[in-house]
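Engineer: Quick one, fold the following:
(one chain, ligands or ions: 1)
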Amino acid sequence: MSMQAILDAILGGASGDELAALPLPESYRAAVVLESEQEMFDGLDSADKDPRKSIHLQEVELPELAPDEAVVAVMASAINFNTVWTSIFEPLPTFGFLKRLGRQSIWGARHDRPFHVVGSDAAGVVLRVGSAVRNWKPGDRVTIHCNYVDDQDPSAHNDSMLASNQIIWGFETNYGGLADLTVVKANQLMPKPAHLSWEEAAVNALCNSTSYRMLVSSNAAGMKQGDAVLIWGATGGLGGYAVQYVLNGGGTPVGVVSSPEKAELLRAMGCDAVIDRKAANYRFWVDEHTQDESEWRRLGKDIRALIGRDVDIVFEHPGRQTFGASVFVAARGGTIVTCAATSGYMIEYDNRHLWMKLKRIVSSHFANYAEAWAANQLICEGKIQPILSAVYPLSETGEAAYQVHKNLHEGKIGVLCLAPTEGLGIDDPEFRQRVGEDRITLFRRHGA
Ligand code: NDP
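Structural biologist: You can find the predicted model right below:
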């Protein structure tokens, strides 16, 4: 009942004071995986592990609020690949992370539960703030980034991604975003882009910030104007933002996708150099242990045929399947920036191509608060567009995660939590018009 009152108040435009006066419910709906089921897929191949079987919608108790935290009413959330990893219990069940956090402090102990509320993205409204929170108040409309650090640790005070206690909210913590409420640290909050709907605002923080750090930040590739960038999965979650950063930064994206439909979407984004990897049928691996250099060379030739030169940066995340090729095709002195290994993390590449051509491999992982804020600001200014392609209700989180697991999606999949329908939450329709409905909804129209 109190959740309906909160929703009615938000939809009715209640003030922050009015929201703060509403009682919080003792429990709320959340998409969870269960510790009791963490062995349910043992013996199956990854591809056969089905998030629809492991993700459940259930009531969970609202944890006590720490002084540096906020309770947020989640209007919409999103599927990330880490939700897929949690739901198939790979490479490890995430309950080990929750236990480790549980041992750190009394506040950490709240996270060690037999359920794990998943989700590392959200947009919503602040309902409560703890006594130590200064910059946010009830009623604030926010998006949430997933970098979770204890800022009382000195290691968190240069680049917080280097903090010894850095973890990811909703993956290595409990009480994630795929729920009606969430509890987050105040230093995860960012302003919601006023021209976007809840679901458009909810899908960006994780992938947009990651792509920003990988390409734009001096902490990773540090792309400059004129750079040519090979982007694997160029209409996927990370790639859909990476293409925009390269175009905005005066570079030349070479996008790799796996179907004619995705190739068309990529062209509609303004990426002229497109490779359909399925049509090209690259065979980088002859068998499980052997790679074929002539296939790397073929990819390199295809890139040169499109843009007349080699790429300065390779935007890497598929991992084992592509990494050898990525190292090979980067230009002399080029950079391979990697944040993931979807197809396998035991990587093999020919080191001669790396050192003889003075290339470098740079690692990257999510983004610190300043980077996430800068990436969010670009969305607020209409310079980076959301790449929302489909929307599911919270009750179908398992199906939404299945779509991502099976690579049946484009861009990002949004999930409606408290928001009853799509299209709500747009506070600045004039600015939306200036940015352009066509640009904002490009992926949604394509995915529909
Ligand atoms: P998506 O599934 O949305 O997009 C990835 C795309 O990569 C796919 O759509 C696919 O595009 C392409 N791809 C997948 N497998 C292969 C392959 N074997 N060879 C070539 N291309 C492939 O996922 P995200 O972009 O959201 O995430 C990608 C990876 O990055 C995941 O492993 C995720 O966990 C990780 N990640 C890491 C982050 C970090 O902070 N370290 C943050 C965000 C994500 P197509 O079929 O069209 O080629």
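
Engineer: and the chain, which residues reach the ligand?
Structural biologist: Residues of the chain lying near the ligand by C-beta under 6 Å from any ligand atom: 80-82, 206-207, 210, 232-233, 235-239, 256-258, 262, 277, 317-318, 321-322, 339-340, 342-343, 365-366, 404, 407. No exception for glycine: its C-beta is placed from N, CA and C like everyone else's.

Engineer: which residue packs closest to R320, ignoring adjacent ones?
Structural biologist: G344 (3.1 Å; C-beta to C-beta, 6 or more residues apart in numbering).

Engineer: Quick one: neighbours of that neighbour, just the number.
Structural biologist: For G344, the neighbour count with other C-beta atoms under 10 Å is 13.

Engineer: Now do the same contact list for it.
Structural biologist: By C-beta atoms under 8 Å, 6 or more residues apart in numbering, G344 lies in contact with G319, R320, Q321.

Engineer: What is the nearest of those to the ligand?
Structural biologist: Using C-beta to the nearest ligand atom, the shortest approach to the ligand within these belongs to Q321, at 3.7 Å.

Engineer: separation between the closest one and Q166?
Structural biologist: 28 Å (C-beta to C-beta, to the nearest Å).

Engineer: for the residue of the stretch 51-200 of the chain at minimum distance from the ligand, phi and psi?
Structural biologist: Relative to the ligand, the nearest point of the stretch 51-200 of the chain is F81 (3.3 Å; C-beta to the nearest ligand atom). Dihedral pair for F81: phi -60, psi -30, per degrees, to the nearest 10.

Engineer: so what's it up against?
Structural biologist: G237, A340, T342, V404.

Engineer: Show me which residues of stretch 112-125 are buried.
Structural biologist: Neighbour-count burial for stretch 112-125 flags 112-113, 115-125 (criterion: 16 or more other C-beta atoms under 10 Å).

Engineer: Make sure Q188 is actually in contact with V149.
Structural biologist: No - between Q188 and V149 there is no contact under C-beta atoms under 8 Å: 9.4 Å.

Engineer: Do a quick rundown of the helices in the stretch 301-448 of the chain.
Structural biologist: Per DSSP state H, counting those that start in this stretch, the stretch 301-448 of the chain carries helices over the ranges 323-329, 351-356, 369-380, 397-405, 429-435, 437-440, 442-447.

Engineer: Can you tell me what sits against the first one?
Structural biologist: Applying C-beta under 8 Å, 6+ apart, the external contacts of helix 323-329 come out as 230, 232, 282, 284, 291, 293, 295-297, 299-300, 303, 310-311, 314, 316, 336, 338, 341, 347-350, 353-354, 359, 361.

Engineer: got a pLDDT number for the residue of the stretch 51-200 of the chain closest to the ligand?
Structural biologist: At F81, the pLDDT value in this model is 95.

Engineer: cool, and M1?
Structural biologist: Among the per-residue scores, M1 shows a pLDDT of 63.

Engineer: How about the contacts made by K192?
Structural biologist: A123, R141, V142, T143, A201, G425.

Engineer: Check the gap between it and I79 for me.
Structural biologist: 19 Å.

Engineer: again, but for S395
Structural biologist: Counting by C-beta to C-beta, the gap from S395 to I79 is 14 Å.

Engineer: now do L424
Structural biologist: L424 is 20 Å from I79, by C-beta to C-beta.

Engineer: before we move on, what about L7?
Structural biologist: 22 Å.

Engineer: So what's the residue count around the residue of the stretch 301-448 of the chain found nearest the ligand?
Structural biologist: When scored by C-beta to the nearest ligand atom, the stretch 301-448 of the chain has A340 as its residue closest to the ligand, at 3.1 Å. Neighbour count of A340, defined by other C-beta under 10 Å: 18.

Engineer: Touching, it and F315? I think so.
Structural biologist: No - taking contacts as C-beta under 8 Å, A340 lies outside contact range of F315: 10.6 Å.

Engineer: Pull up the overlap in contacts between those two.
Structural biologist: With C-beta under 8 Å, 6+ apart, A340 and F315 have common neighbours L238.

Engineer: what are the phi and psi values for the residue nearest to R320?
Structural biologist: Dihedral angles (degrees, to the nearest 10) for G344: phi 140, psi 140.

Engineer: got it, and P51?
Structural biologist: phi -60, psi -20.

Engineer: Would you mind measuring from it to G13?
Structural biologist: Counting by C-beta to C-beta, the separation of P51 from G13 is 36 Å.

Engineer: Nice, that's everything, thank you.
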